[in-house]
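>>> I'd like to go over a predicted model; first the sequence, then the structure.
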Amino acid sequence: MFGYGAFQVTFAACLCLVPFLFLWPLLVALCVWLLWTIGWKYWEHTHLGECEGRGVFITGCDSGLGFAIAEHLDALGFTVFAGCYRPQDVGASTLQKECSSRLHEVPIDVRDKESVANAFAYVKDHLPKHGLWGVVNNAGVNLATSEVELTGVRMYNRAQDVNMYGPIRVVKAFLPLIRASAGRIINVTSVHGRMSIPRWSTYDVTKHGLETLSDSLRLEMAKFGVRVSIVEPGQYGFVTSIQNEEMTNLQLAQIDEMWKNASPEIRAAYPKEEEVKGNTPVMVHGWVANVNKCLPVARAVAHALRSEHPRARYLVGGYGTIVSFVDGFAVMSKVHNLLSTWFMDWWIARWTLNEK
């Protein structure tokens, strides 16, 4: 009925269809992925009602990321209680000038239990109509970087007192108000909370500690309807005040202190010139952050406050040293737990210590 030519055409057509037998699972997987992504984005970006009448208390607002977060949340309509360590300085006064009348400056030293209690009393007495909706633990300190053997225990205690125990003091004080509103707690850590690099142990241990604290708190608060999120900024030292003249001079003084307290044997092992060179030079001037470049972090905090389904973690890439839009810290932190330890050690050593 069919000639040889028809057979050839049929056979060729079948051969052409063979790849589709293998491609269709890929197409199905692609469609499922697209539907999942679209559904996830919709689910994640379902926002709560208006921001007006909801209070948010933020620490560390007189400089850096806290300044940008406070300004952004104020623009969204929140009643911002801006916790400032030095309310008389230019950062706090600039924030007051640039924000609405809803913003309250609240003096606070997170190292001092009485100061935290006074801040809580002020916020409680000035709550907006919907109460306190969120607490953002942003205050932090970055001390001189050095090897573990050279760094004194006193230096670790200083870092812990601000970066770790500070958020604990604030959370314990403000939790009754957050439980009452079934609100949000947001702890600003760092990519250093996911991975560690040489010479940064005083900073890294505090950020790892705050991450684990947040994980415990998230599980404990779930029964009260309170959501706990972690925001992990990458490299933002170029656009905040963390490496201005005052902070750099403070870190050099800390190097001198560690050097004087070290034994002759340890001094011989760690030349002072190398320690000074290992600390980042002045990168910015003044205390007021570059707000526009800090917006990714501020937007992550806003999402954690406004979304009906906030993420547990927000990794927010910053700015790179070689290519501005590639943050090496953020890239490494994303793959840190996926790759072998020996490979990550090799990579981090080559990048941070220039080892071959």
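Good, I have the coordinates.

>>> any idea how far Tyr156 is from Glu149?
Look at Tyr156 and Glu149: by C-beta to C-beta, to the nearest Å, they are 13 Å apart. In this view, the C-beta of every residue, glycine as well, is placed from N, C-alpha and C.

>>> Comparing those two, which shows the higher neighbour count?
Between Tyr156 and Glu149, counting by other C-beta atoms under 10 Å, Tyr156 is the more crowded of the two (16 against 11).

>>> average model confidence for the strand or helix carrying that one?
If you go by DSSP states H and E, Tyr156 is part of helix 153-163. For helix 153-163, mean pLDDT rounds to 93.

>>> Then stretch 256-272?
Per-residue pLDDT values over stretch 256-272 give a mean of 83.

>>> And it, end to end?
With C-alpha to C-alpha, to the nearest Å as the measure, stretch 256-272 spans 8 Å from end to end.

>>> what ranges do the helices span in the chain?
4-44, 64-76, 90-98, 113-125, 153-163, 165-181, 201-221, 245-261, 264-269, 272-278, 291-306, 328-335, 341-352 (DSSP state H).

>>> among the ones you listed, which is the most enclosed?
When these are scored by mean count of other C-beta atoms under 10 Å, the highest mean neighbour count falls to helix 64-76 (a mean of 26).

>>> Also compute the angle for the helix holding Tyr156 relative to helix 165-181, please.
20 degrees (axes from the mean of the first three to the mean of the last three C-alpha atoms, to 10 degrees).

>>> Next, the angle helix 201-221 makes with helix 153-163.
Relative orientation of helix 153-163 and helix 201-221, computed by the same axes, to 10 degrees: 40 degrees.

>>> Run through who's touching helix 153-163.
110-111, 139-141, 143-144, 201-203, 205-207, 209-210, 254, 258 (C-beta atoms under 8 Å, 6 or more residues apart in numbering).

>>> Identify the spatial nearest neighbour of the one residue sitting closest to the centre of the chain, chain neighbours not counted.
By C-alpha atoms, centre = their mean, the chain has its centre lying nearest to Glu232, at 2.5 Å. Of all residues not flanking Glu232 in the chain, Leu315 sits nearest, at 4.8 Å (C-beta to C-beta, 6 or more residues apart in numbering).
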